[in-house]
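Trainee: No sequence on hand, only this structure:
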């Protein structure tokens, strides 16, 4: 048989017409040894490439050999069947039989017509795809498939293809595989290995992975990454924030200071203050107390940064220096206001526009108008001062002293309650011990429900994310009073304090109170509070979410579960969570559940606007108005500050929706999307601004829509047109303050005072460079774009400045005769003076010309009687330069950051890229050069002489005569 096979294979043109050998495989009388020889011959690709279609007819006979336990060459038979199925393009069947044979992941060397590499690579590809599918489904993976994957991984590790193995581990959430790949790296890490580790961190940080899996991968990677010669400590500390490892972050800062890398330590401290919660920062500071400070001066600066003093000071300086609020626009809106709701909306909108600027000119100049506020409008009028003076912590009591309770509360306490909320907003996300004790005292002594309401909200926003059990218990006492209004604020405040730290005890307590209380306001407050407490917990919150959503007979608990689900997975992009939310949109009969489920899609996909568009596009035309409103807000959340034209195109038709609340939602959503956009980045922004003014001025428009339009105007110009609403921090991670602030802002559907909380999501559009002494040096940036592309929007024109079309006057016939006579006299006079000037040769031509033409010009000017014509002013010349300079601290909107560079790169070396924006600490390169510092606008009036401009003074406090309300 062997001789025949050799002759057959060596015939001219290669092996063909295999019928005789196939009969050997099919015949039960053929010897086993002959069948083995034939199988091995057919397994050679030089033979099979010309005969596979004939062997395909004999597959049943070959498969019978596999079922025969006495047959010695099961592996050869299985491989032959696998190769034939490969030729038939039935790859899953080919993989099935390859697993039963002795499949080699290393292809054989090509010798003739056959190419074993194609077959091997296709089987490996199919095996990996099958492994991924089974892993995602959670199904059991056959042991033979596991063994094959292990051999594939070993082959890649031998070839140093480490990133391939890590990627496969991510796709299958296989921690052991990732650990194996990282452990296979050499002891002396090359630049390629370091890059692989950084990419691994980026993948696990930005991917939609389970929280526990993410933490384990980060821990594994950091252990290896720290062995690098020069690891990126900022990236490592970012991971420490994600894993809630405050002690490791503190040790990192301490080690950098010990190595005389203070500037880098300062930058990490600034980043921690921006991205970490108050509870995390408190634990970092406690860790410092347990260590011996070697460099006390540097540690004092670190303490100042982590306590927020330096950040608040820098942002306050920036907002005051660059305030560009349009006062004419505010006056125009005020003139169009006729209702109490619009009056209330403008007070809130003014607070948003002047957020952090300390500019209270609008309130100061319109005291009589402000004094018309009554009850809760009075509450909001005083509370808006908290936004205006945000960051002025040292003078907070002085600012609010006229409104805080004295010996007794005046009236019902609306003024005092608003002042307490304002105090909390001034200390938002930054409630130190003094502020919290002050608020706690007010909370304890409050006698009126509006006062308790304001004290609870202020206490919650100041203690955001602190996870303090004692503060939580203080607010719980207010909840247990079983009052509607203060119970609502207490539920929200408890959630704000425990933001990101929901536990079984808190959930059970608030869930039970939701069931027991009869006040729907309290139930809604608890719903928002639990949603805030569940932020970022992902899988850890699943037991609470399932319990809440499973309450079939309680729609309030179901909507609570939906809000918790949205916040727990905010920014993860999890498709499974989106599917669950869409299922509730389709099946749940409750309108609140439908609305919050639709909005939840925006929270979950806040880092992926394009995917959010694909999910929500159809819902913008849903028959249910609550779903349409939710779709608009979901797009606003996911595309906030991006100017996404696709989202704008979907939302614009909803401005004319039949439902008033949908029109309001569309306006708010568009304002969120177009925030900090210009005509260059978003061509529709100026048209939208005009549309808002039109909506506010329309007499027949619904008051709810006008309320939304006024708030939308505040969102567009938030922070004096120097801030942007965004859901991510500078590291592109979901930001707790932004997500929680947006959830509270959505509560404005039920309670107007909650609109103030959107300020938590406002991030300054600034670039502030600091030196190693935490001072702001005089420094120029170069923006590689035309200055008009990112300029402030044009200011509104007042009615006095607008050109009014004049009515043409009737010219009588006698007037025409008089004008003609005057013209003849003027021409005669002109001829005479011209002749006189020509006859006097000694006279200066310039003087004669002037004396001769001036009267004529005057006559011509007087005789003009053409109404409707006005002298056109010369239009300012447009800047056509391809770049322009900015001065530190500079206003740099998000779309502009990629185009910024330092004018003199030899002056400073920044600790992080400029495109990240915010506060950047830099080392001086040339320390011998004289360094000039920017004057502090908060304490001084003028800027440095180099700027050539005068700065705004910080605005002093004033008193509103509350007794006249």
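Mentor: Arrived safely. What you see is a predicted model, and the numbers here were worked out from it, not measured in a lab. Residues are numbered from 1 along each chain as shown.

Trainee: Can you give me the buried ones in the strand ranked longest in the chain?
Mentor: With secondary structure taken from DSSP state E, the chain has its longest strand at strand 918-924. Judged by neighbour count (16 or more other Cβ atoms under 10 Å), strand 918-924 contains these buried residues: 918-922, 924. The C-beta positions use only the backbone N, C-alpha and C, and glycine is treated the same way.

Trainee: cool, stretch 211-230 as well?
Mentor: Buried-residue list, stretch 211-230, by 16+ other Cβ under 10 Å: 211, 213-218, 220-222, 224-225, 228.

Trainee: before we move on, what about stretch 33-48?
Mentor: So, applying 16+ other Cβ under 10 Å, buried residues of stretch 33-48: 34-45, 47-48.

Trainee: ok so, going back, partners of the longest strand of the chain, with directions?
Mentor: The pairing partners recorded for strand 918-924 under DSSP bridges are strand 766-770 (parallel), strand 908-910 (antiparallel).

Trainee: mind putting these in JSON lines, distance to residue 480 and mean neighbour count included?
Mentor: Shown next, in JSON lines, are the strands paired with strand 918-924 (distance: least, Cβ to Cβ, whole Å; neighbours: other Cβ atoms under 10 Å):
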{"stretch": "strand 766-770", "distance to residue 480": "44", "mean neighbour count": "23"}
{"stretch": "strand 908-910", "distance to residue 480": "52", "mean neighbour count": "18"}
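
Trainee: Include mean pLDDT and distance to residue 446 when you put those strands into JSON lines, please.
Mentor: Shown next, in JSON lines, are these (pLDDT from 0 to 100; distance: least, Cβ to Cβ, whole Å):
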{"stretch": "strand 766-770", "mean pLDDT": "91", "distance to residue 446": "37"}
{"stretch": "strand 908-910", "mean pLDDT": "88", "distance to residue 446": "48"}
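
Trainee: In a markdown table: the ones you listed, plus distance to residue 515.
Mentor: Below are those laid out as a markdown table (distance: least, Cβ to Cβ, whole Å):
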| stretch | distance to residue 515 |
| --- | --- |
| strand 766-770 | 47 |
| strand 908-910 | 54 |
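
Trainee: Tell me, how many residues neighbour residue 752?
Mentor: Residue 752: 20 surrounding residues under other Cβ atoms under 10 Å.

Trainee: if I look at it, how far off is residue 742?
Mentor: Computed as Cβ to Cβ, to the nearest Å, the residue 752 to residue 742 distance reads 16 Å.

Trainee: Of all pairs in the buried residues of stretch 33-48, which one spans the longest distance?
Mentor: Largest separation among the buried residues of stretch 33-48 by Cβ to Cβ: 34 and 45, giving 21.5 Å.

Trainee: Phi first, then psi, for residue 762.
Mentor: The phi and psi values for residue 762, taken as degrees, to the nearest 10, are phi -90, psi 120.

Trainee: I meant residue 621, not that one.
Mentor: phi -110, psi 20.

Trainee: next one: residue 885
Mentor: Backbone phi and psi, for residue 885 under degrees, to the nearest 10, turn out to be phi -100, psi 150.

Trainee: give me every residue that touches it.
Mentor: When contacts are counted by Cβ atoms under 8 Å, 6 or more residues apart in numbering, residue 885 touches 780-783, 903.

Trainee: what's the average pLDDT for the longest strand of the chain?
Mentor: The pLDDT scores in strand 918-924 average 90.

Trainee: distance between it and the chain's centre?
Mentor: What separates the centre of strand 918-924 from the centre of its chain is 23 Å, taken as Cα atoms, centre = their mean, to the nearest Å.

Trainee: what does that strand rub up against?
Mentor: 263-264, 266-267, 270, 274, 310-311, 314, 730, 763-764, 766-772, 774, 907-912, 914, 931.

Trainee: so which one among the contacts of residue 885 has the lowest pLDDT?
Mentor: Minimum pLDDT across the contacts of residue 885 falls on residue 903, with 86.

Trainee: Next, the nearest residue to it once chain neighbours are set aside: phi, psi?
Mentor: Nearest in space to residue 903, with sequence neighbours left out and distances taken as Cβ to Cβ, 6 or more residues apart in numbering, is residue 780 at 4.0 Å. Main-chain torsions, residue 780, degrees, to the nearest 10: phi -110, psi 140.

Trainee: Could you give the number of residues near residue 780?
Mentor: 14.

Trainee: And it, how far from residue 901?
Mentor: Residue 780 is 10 Å from residue 901, by Cβ to Cβ.

Trainee: Below-threshold pLDDT in the stretch 351-500 of the chain: ranges please.
Mentor: Low-confidence segments of the stretch 351-500 of the chain, defined by pLDDT under 70: 407-411.

Trainee: what do you get if the cut-off is 80, keeping everything else the same?
Mentor: 406-412 (pLDDT under 80).

Trainee: can you check the stretch 801-950 of the chain too?
Mentor: 801-881, 905-906, 926-929, 936-950.

Trainee: what does the domain assignment say about this protein?
Mentor: 1-159, 232-307, 317-763, 779-795+880-934 (the TED database).

Trainee: So for residue 203, which of these sits nearest?
Mentor: Going by Cβ to Cβ, the one of those nearest residue 203 is domain 232-307, 12.1 Å.

Trainee: How far does the closest one sit from its chain's centre?
Mentor: Taking mean C-alpha positions (Cα atoms, centre = their mean), domain 232-307 and its chain are 24 Å apart.

Trainee: can you check stretch 652-671 too?
Mentor: Relative to the centre of its chain, stretch 652-671 is centred 22 Å away, using Cα atoms, centre = their mean.

Trainee: which outside residues touch it?
Mentor: With Cβ under 8 Å, 6+ apart, stretch 652-671 has contacts from 620, 625, 628-630, 632-633, 635-636, 648, 651, 684, 688, 691-692, 695, 702, 704-705, 707-709, 711-713, 715-716, 749.

Trainee: What about those, which are in helices?
Mentor: 625, 628-630, 632-633, 635-636, 648, 651, 688, 691-692, 695, 704-705, 707-709, 711-713, 715-716 (DSSP state H).

Trainee: Confirm for me that residue 544 is in contact with residue 564.
Mentor: Yes - between residue 544 and residue 564 a contact is recorded at 6.4 Å, counting by Cβ atoms under 8 Å.

Trainee: which neighbours do the two share?
Mentor: Shared contacts of residue 544 and residue 564 (Cβ under 8 Å, 6+ apart): 502, 530, 534.

Trainee: any chance of the buried residues of stretch 211-230 in JSON lines, plus pLDDT?
Mentor: Shown next, in JSON lines, are those (pLDDT from 0 to 100):
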{"residue": "211", "pLDDT": "77"}
{"residue": "213", "pLDDT": "83"}
{"residue": "214", "pLDDT": "83"}
{"residue": "215", "pLDDT": "84"}
{"residue": "216", "pLDDT": "86"}
{"residue": "217", "pLDDT": "87"}
{"residue": "218", "pLDDT": "86"}
{"residue": "220", "pLDDT": "84"}
{"residue": "221", "pLDDT": "84"}
{"residue": "222", "pLDDT": "84"}
{"residue": "224", "pLDDT": "82"}
{"residue": "225", "pLDDT": "79"}
{"residue": "228", "pLDDT": "76"}
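
Trainee: From those residues, pick the one nearest residue 488.
Mentor: Of the buried residues of stretch 211-230, the one sitting nearest to residue 488 (Cβ to Cβ) turns out to be residue 211, at 30.3 Å.

Trainee: How much space separates that closest one from residue 568?
Mentor: 9 Å.

Trainee: And residue 106, by the same measure?
Mentor: For residue 106 relative to residue 568 (Cβ to Cβ), the value is 46 Å.

Trainee: Just the buried residues of stretch 33-48: which are in strands?
Mentor: Short answer: the buried residues of stretch 33-48 have none in strands (DSSP E).

Trainee: ok, these vs residue 160, which is closest?
Mentor: For the buried residues of stretch 33-48, the residue nearest residue 160 by Cβ to Cβ is residue 45; the value is 28.8 Å.

Trainee: That concludes my questions; thank you for your assistance.
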